[in-house]
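*Asks:* sequence? don't have it. structure:
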């Protein structure tokens with residue numbers, strides 16, 4: 001994996017399979033740095049910032065050599081491509097049993113439905129989070145209006161008293177917090193909801209009570225509701241395609 005940092009720097013964060021940092025340094029980086037009788041140096045220097053689990057070469061070169069590298073292709077110039085013979089592979093199947101796969105396509109076909117199911121779950125998580133965010137913003141907007149209209153007086157009152165008034169006015173306990181509890185299978189009943197479940201309202205800053213603050217809440221609500229509408233219309237396959245499109249754009253930007 002290689003990407004451009006600036007007009008004179010690139011970073012290498014992944015080496016070809018089976019190539020050690022030491023071998024790559026000696027066989028590629030040093031040759032590019034010092035050149036040979038027939039080939040002039042292509043880089044002016046490099047530094048290494050590796051860890052036990054990651055690779056990171058930061059390579060310096062002139063702008064002229066950078067243009068040459070981009071024209072030739074970073075992966076080709078820095079020898080980051082290699083060919084491996086594909087042989088039958090022994091892998092675990094989706095049910096956890098070892099199976100011999102004859103080709104990469106067989107593996108892809110087997111795990112297609114597995115991946116698709118994961119995107120179904122991703123859609124549920126995404127829409128659930130957006131629904132909770134919309135509900136929270138709706139409550140926050142109602143809270144501001146309640147104070148403006150005098151339906152809720154917060155001055156010089158104890159928190160437990162305010163919480164009871166919020167319940168009486170049918171405000172919801174923190175929707176995002178409630179969603180997290182549901183995901184953790186630790187659901188509280190209505191009687192078990194504590195004062196902290198309303199802190200998202202009671203701890204709203206003073207700016208939220210201004211006209212500008214309310215407009216910001218309304219704009220945020222509009223944005224979240226639009227995002228929710230789009231997410232609900234998308235299928236799991238749509239989300240998968242979006243993910244692949246995003247990946248391809250990222251890959252194109254690094255070559």
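*Replies:* Good, I have the coordinates. Small disclaimer: the values here were computed from a predicted structure and weren't measured.

*Asks:* how about the strands of the stretch 51-200 of the chain, start to end?
*Replies:* 57-60, 89-92, 98-101 (DSSP state E, counting those that start in this stretch).

*Asks:* deepest-packed of those, please.
*Replies:* Ranked by mean neighbour count, the strands of the stretch 51-200 of the chain are led by strand 57-60 with a mean of 19 (mean count of other C-beta atoms under 10 Å). (Glycine included, C-beta is placed from N, CA and C.)

*Asks:* that one - contacts with which helices or strands?
*Replies:* strand 9-12, strand 45-48 (3 or more C-beta pairs under 8 Å, 6 or more residues apart in numbering; DSSP states H and E).

*Asks:* residue 57: which of those is closest?
*Replies:* strand 9-12 (4.1 Å; C-beta to C-beta).

*Asks:* now for the closest one, which elements pack on it?
*Replies:* Under the contact criterion of 3+ C-beta pairs under 8 Å, 6+ apart, strand 9-12 touches strand 2-6, strand 57-60.

*Asks:* just how off-centre is the helix or strand that that strand is followed by within its chain?
*Replies:* Helices and strands here follow DSSP states H and E; after strand 9-12, the next one along the chain is helix 21-24. Its chain's C-alpha centre and that of helix 21-24 lie 31 Å apart, by C-alpha atoms, centre = their mean, to the nearest Å.

*Asks:* before we move on, back to that, closest one to residue 160 among the strands of the stretch 51-200 of the chain?
*Replies:* Judged by C-beta to C-beta, the one of the strands of the stretch 51-200 of the chain that comes nearest to residue 160 is strand 89-92, at 53.9 Å.

*Asks:* now do that closest one, average pLDDT.
*Replies:* On average, the pLDDT along strand 89-92 is 84.

*Asks:* next one: stretch 147-158
*Replies:* Rounded mean pLDDT across stretch 147-158 is 93.

*Asks:* what comes into contact with that stretch?
*Replies:* Stretch 147-158 is contacted from outside by 143, 145-146, 162, 165-166, 169, 202, 209, using C-beta atoms under 8 Å, 6 or more residues apart in numbering.

*Asks:* rerun that using 10 Å as the cut-off
*Replies:* 142-146, 161-166, 168-169, 171, 195, 201-202, 204, 208-209, 211, 214 (C-beta atoms under 10 Å, 6 or more residues apart in numbering).

*Asks:* what domains does the record give for this protein?
*Replies:* Following automatic domain parsing, the chain resolves into domains at 2-77, 122-253.

*Asks:* rewinding a little: which of the contacts of stretch 147-158 count as buried?
*Replies:* With burial judged by 16 or more other C-beta atoms under 10 Å, the buried subset of the contacts of stretch 147-158 is 142-144, 146, 162-163, 165-166, 171, 201, 204, 208, 214.

*Asks:* reformat the helices and strands packed on strand 57-60 as CSV; add distance to residue 36.
*Replies:* Below are those laid out as CSV (distance: least, C-beta to C-beta, whole Å):
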stretch, distance to residue 36
strand 9-12, 21
strand 45-48, 17
